[in-house]
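J.: how would this look folded up:
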Amino acid sequence: MDYNLTAHAKDALAKRQIALEWMEQVLSAPEWTERDPADADLEHRLAHVAAFGNRVLRVIVNVKIDPPRIVTAYFDRRRS
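T.: Next up is the predicted model:
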């Protein structure tokens, strides 16, 4: 899958110890998606990551840009 990472997303992946392959897995095959409540251009893609204790990884993507732009990613503590 073709995509671009913002500078913030690159920093977030490094600081949060999120493997690029996990982010790509969620990006290409999310278990579910949500619309961003504040920005219609953004989509939240979520999936469990077995390699990280089955925690839910949330990847926020600007889907109005081609290729999609990854805004940020984080493990969502509110989801299990």
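
J.: can you pull up the bridge partners for the most centrally placed residue in the chain?
T.: In the chain, the centroid-proximal residue (C-alpha atoms, centre = their mean) is Val59; its distance is 1.2 Å. Beta-bridge partners of Val59, counted by DSSP bridges, are Arg45, Ala73.

J.: quick one: contacts for it?
T.: When contacts are counted by C-beta atoms under 8 Å, 6 or more residues apart in numbering, Val59 touches Met23, Val26, Leu27, Pro30, His44, Arg45, Leu46, Ile70, Thr72, Ala73. (Each C-beta comes from the backbone N, C-alpha and C, glycine too.)

J.: what's the answer for Ala47, then?
T.: Residues near Ala47 by C-beta under 8 Å, 6+ apart: Gln25, Val26, Ala29, Pro30, Glu31, Trp32, Val56, Leu57.

J.: Select only the buried ones of those in ChimeraX?
T.: Buried members of those, defined by 16 or more other C-beta atoms under 10 Å, are picked up in ChimeraX with:
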select :25,26,30,56,57
